[in-house]
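# I need the structure of the sequence given here:
(chains A and B)
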2 protein chains.
Amino acid sequence: MKAYLTERREAIARFLQAELGEVEAEFQRVSPWGRDVARRVLDFAIRGKMIRGGLVAMGAGLFGHEPDEDIVRAGAVAELIQSFLLIHDDIMDRDTARRGEDAVFYQYAGIARDEGIDDWYHLGEALGTCVGDVAMLYAFNMLEGLSCPNEVSGRVRSLFSREITWVGLAQMSDLYYGETTRQVTETEIIDLYRFKTGRYTFSLPLSVGAVLAGQGESAVKALGELGEKLGVIFQIKDDEMGLFGDEERIGKPLGSDIAENKKTLFRQYLFARANESERARLEEIFGSRAVKPETVETVRELIERHGVRREVETLVESRAEAARADIARIAADTGADVTMLGELLDYNLSRNV
Amino acid sequence: MKAYLTERREAIARFLQAELGEVEAEFQRVSPWGRDVARRVLDFAIRGKMIRGGLVAMGAGLFGHEPDEDIVRAGAVAELIQSFLLIHDDIMDRDTARRGEDAVFYQYAGIARDEGIDDWYHLGEALGTCVGDVAMLYAFNMLEGLSCPNEVSGRVRSLFSREITWVGLAQMSDLYYGETTRQVTETEIIDLYRFKTGRYTFSLPLSVGAVLAGQGESAVKALGELGEKLGVIFQIKDDEMGLFGDEERIGKPLGSDIAENKKTLFRQYLFARANESERARLEEIFGSRAVKPETVETVRELIERHGVRREVETLVESRAEAARADIARIAADTGADVTMLGELLDYNLSRNV
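You can find the predicted model right below:
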């Protein structure tokens, strides 16, 4: 399955190179930044792992549909939209690094700083916001090139515009939960995992692929539900690696979720199980920007002491079981070869610390 | 013509009320902010003058096409996109007021501040960015409801996605020109007027209307070119009112373009004509955040002394003449009743201090 996704990546990168290469001159006619934007967006987009673009192909492949040009185009759209989201996210989260280089907005901030502009950081944020908007708008423009029947392309466009609307709304929850002092509920956290991670990373691209393979709404619905479960598992594993993982392997400082007071399920269950004095201690730790290794260790110990890991694992197992049932149903209802869906689930389950 | 646009406004407002009212519950299922977002976007959108939405109807009306549901829907899309652009613009420009109320991002900042969140201003910016994204994505989703033939709706979608991509690029120029110390050329300024004001405010909505009325690419091209000229005139009149106008009527402090060092044509010609000592004085004045009435007076005097107003007026007249030729050609080529285009040009020309 990983090899399959890697193979898809090449075709999508080539497609984006051709598309954005072709539009460079037009962009430049509109603005002195035009060529620069086309190149920077391309450079950013093709440095990603392109999981979502690959999953479009997988969604079609389940139903025996080869990765034709429409599949590659829709995968490229998924990746440009991913670029848009990450470019905006980095501004919102003030993350100055991404994919091993400066975040896109921070690249522009650097240009402004080098030019001696006083308000360089803010100008970088503003230019970066525009670049994100351009990536997204151009992605929708690219969808007009689909060669499938209108009825099919209309459903593909609706999936993209509707589901990415939801990502925007879920991102608002995520931003807010990170800052608020009010109690966030378990349902709200799981909804965030469903909508920000699950539907966007799994449901949307798999569904787009299925629609391009000629499937009806029932397949879209089934893949949508499966995607939500995969997303919850994926996000929980991500959160777990952020607490118990290897700093070098996960590519960010251990305990950064603790520092940012991110409302993860681990945090949720831990606060619910902790006694009063432990909770007071945890309230000091979570959200205190500089988190030391000893502090992470304290949190880990409390997590183990209260059986939080086991509790989270139980939730993961129940979602995995439900996901298996979804997969079996998809096979039964559509005759799809669901081998890769099983592998996708197993991959999500096997990501560990 | 103004009465015509006002009439269209009602239908668009009703359409947006119905659409966003219907989607509220869905948004709320995705995020606890969902209902709030739908209502706030609606409230913001319908407080505008809805010129662009009205111009969609006018673009169709030229060709005898009545404002049917597709026209209203496309007009509503134009207004939602306008909301998206303004919501993002206010974050970029740090404008905390808009349409007589707090800017949308600043409304969210206020909520965050009232909740006692430390980083309230930044959270407001981040939530506002998401709301802008949601408005735009949902606008594209609404386009899927067009009932015209696929060939027509595809052209409408392409116009929106392509032209708004250009607005994003032009906005980058605008942001950059406001901050850079390098010389901005006259061509760059006029290109900005063409792409940020002209194509977006006039060319796009008129063209969308024409396409929905069944017109081909030659009408789109002609209206596109006309729109650029109208935009240049509109923007120059706007700049002029900002220098010589009535503070109460224009709704912003006189000389705010001077304070922001906005690269207008007036500034451009003034710097070109000024002698060395005047230029030194002007360089002190432009961009110094607090601009006093006496300073505005100094700039006005220099503008008059060097015949800058006349020079700008000459440019306006040449564009107006070219616009009249465009209008006559549209009438000759398509048989359109171009009365309202003439009125639109006259309206733009008659806006004055």
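# Just give the number of residues close to whatever residue of the stretch 251-353 of chain A ends up closest to chain B.
Among all residues of the stretch 251-353 of chain A, A:Gly287 sits closest to chain B, at 9.9 Å; criterion: Cβ to the nearest Cβ. For the C-beta atoms, the positions are set from N, CA and C on the backbone; glycine is no exception. A count of nearby residues for A:Gly287, using other Cβ atoms under 10 Å in any protein chain shown, gives 16.
# now do A:Ala3
7.
# ok, now how distant is it from B:Ser288?
The spacing between A:Ala3 and B:Ser288, counted by Cβ to Cβ, to the nearest Å, is 61 Å.
# Same question for A:Leu143.
Separation of A:Leu143 from B:Ser288 (Cβ to Cβ) stands at 47 Å.
# Show the contacting residues for the residue nearest to A:Arg351 when sequence neighbours are not counted.
Once its chain neighbours are removed from consideration, A:Arg351 has its nearest residue in A:Lys237; the separation is 4.5 Å (Cβ to Cβ, 6 or more residues apart in numbering or on different chains). The neighbourhood of A:Lys237, defined by Cβ atoms under 8 Å, 6 or more residues apart in numbering or on different chains, consists of A:316, A:348-349, A:351-352.
# Any of these buried? List them.
A:316, A:348-349 (16 or more other Cβ atoms under 10 Å in any protein chain shown).
# With distance to chain B, pLDDT and secondary structure added, can I get these in CSV?
Conversion of the buried ones among the contacts of A:Lys237 to CSV gives the following (distance: Cβ to the nearest Cβ, whole Å; pLDDT from 0 to 100; DSSP: H, G, I helix; E, B strand; the rest coil):
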residue, distance to chain B, pLDDT, secondary structure
A:Val316, 23, 97, helix
A:Asn348, 22, 94, helix
A:Leu349, 26, 95, helix
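# Go through those residues and say which is closest to B:Leu55.
A:Asn348 (49.6 Å; Cβ to Cβ).
# that older thread, list the buried residues for the helix or strand where the residue nearest to A:Arg351 lies?
Element membership for A:Lys237, per DSSP states H and E: helix A:217-244. Using 16+ other Cβ under 10 Å as the burial criterion, the residues of helix A:217-244 that qualify are A:219-220, A:222-244.
# Dump stretch A:34-52 to CSV, keeping only the CA atoms.
Extracted in CSV, the C-alpha atoms of stretch A:34-52 (Å, rounded to 0.1, in the frame of the first residue of the first chain):
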residue,chain,number,x,y,z
GLY,A,34,2.8,36.0,-10.0
ARG,A,35,5.7,33.8,-11.2
ASP,A,36,7.1,33.6,-7.8
VAL,A,37,3.8,32.4,-6.4
ALA,A,38,3.4,29.7,-9.0
ARG,A,39,6.9,28.4,-8.3
ARG,A,40,6.7,28.6,-4.6
VAL,A,41,3.3,26.8,-4.4
LEU,A,42,4.6,24.1,-6.7
ASP,A,43,7.7,23.7,-4.7
PHE,A,44,5.8,23.4,-1.5
ALA,A,45,3.1,21.1,-2.9
ILE,A,46,5.5,18.5,-4.3
ARG,A,47,7.6,18.3,-1.1
GLY,A,48,4.6,16.7,0.7
LYS,A,49,4.1,13.0,1.0
MET,A,50,0.9,13.4,-1.1
ILE,A,51,-1.1,10.8,0.9
ARG,A,52,-4.4,12.4,0.0
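# how about the strands in the stretch 101-250 of chain A?
In chain order, the stretch 101-250 of chain A shows strands spanning A:101-102, with DSSP state E, counting those that start in this stretch as the criterion.
# all helices for it, in order.
Ranges of helices in the stretch 101-250 of chain A, per DSSP state H, counting those that start in this stretch, are A:104-114, A:120-143, A:150-179, A:186-192, A:204-212, A:217-244, A:247-250.
# Pick the most buried one from the ones you listed.
Burial of these is given as mean neighbour count (mean count of other Cβ atoms under 10 Å in any protein chain shown); helix A:204-212 ranks first at a mean of 29.
# Between helix A:217-244 and that helix, find me the angle.
Angular relation of helix A:204-212 and helix A:217-244 on a 0 to 180 degree scale: 160 degrees, by axes from the mean of the first three to the mean of the last three Cα atoms, to 10 degrees.
# Identify all contacting residues around helix A:204-212.
Surrounding helix A:204-212, the residues in contact under the criterion Cβ under 8 Å, 6+ apart are A:52-63, A:65, A:70-71, A:74-75, A:78, A:148, A:152, A:155-156, A:159-160, A:163-164, A:219-220, A:223-224, A:226-227.
# ok so, going back, shouldn't the residue of the stretch 251-353 of chain A closest to chain B be in contact with A:Asp257?
No - taking Cβ atoms under 8 Å as the definition, A:Gly287 is not a contact partner of A:Asp257, at 10.5 Å.
# which bits of the stretch 1-150 of chain A sit near chain B?
Applying Cβ under 8 Å from any Cβ of the partner chain, we find that the stretch 1-150 of chain A lies next to chain B at A:27, A:30-34, A:37, A:88, A:91-92, A:94, A:112, A:115-119, A:122-123, A:125-127, A:129-131, A:133-134, A:136-138, A:140-141, A:144, A:150.
# quick one, what contacts A:Tyr176?
The neighbourhood of A:Tyr176, defined by Cβ under 8 Å, 6+ apart, consists of B:32-33, B:123, B:127.
# Having no further points to raise, I will conclude here.
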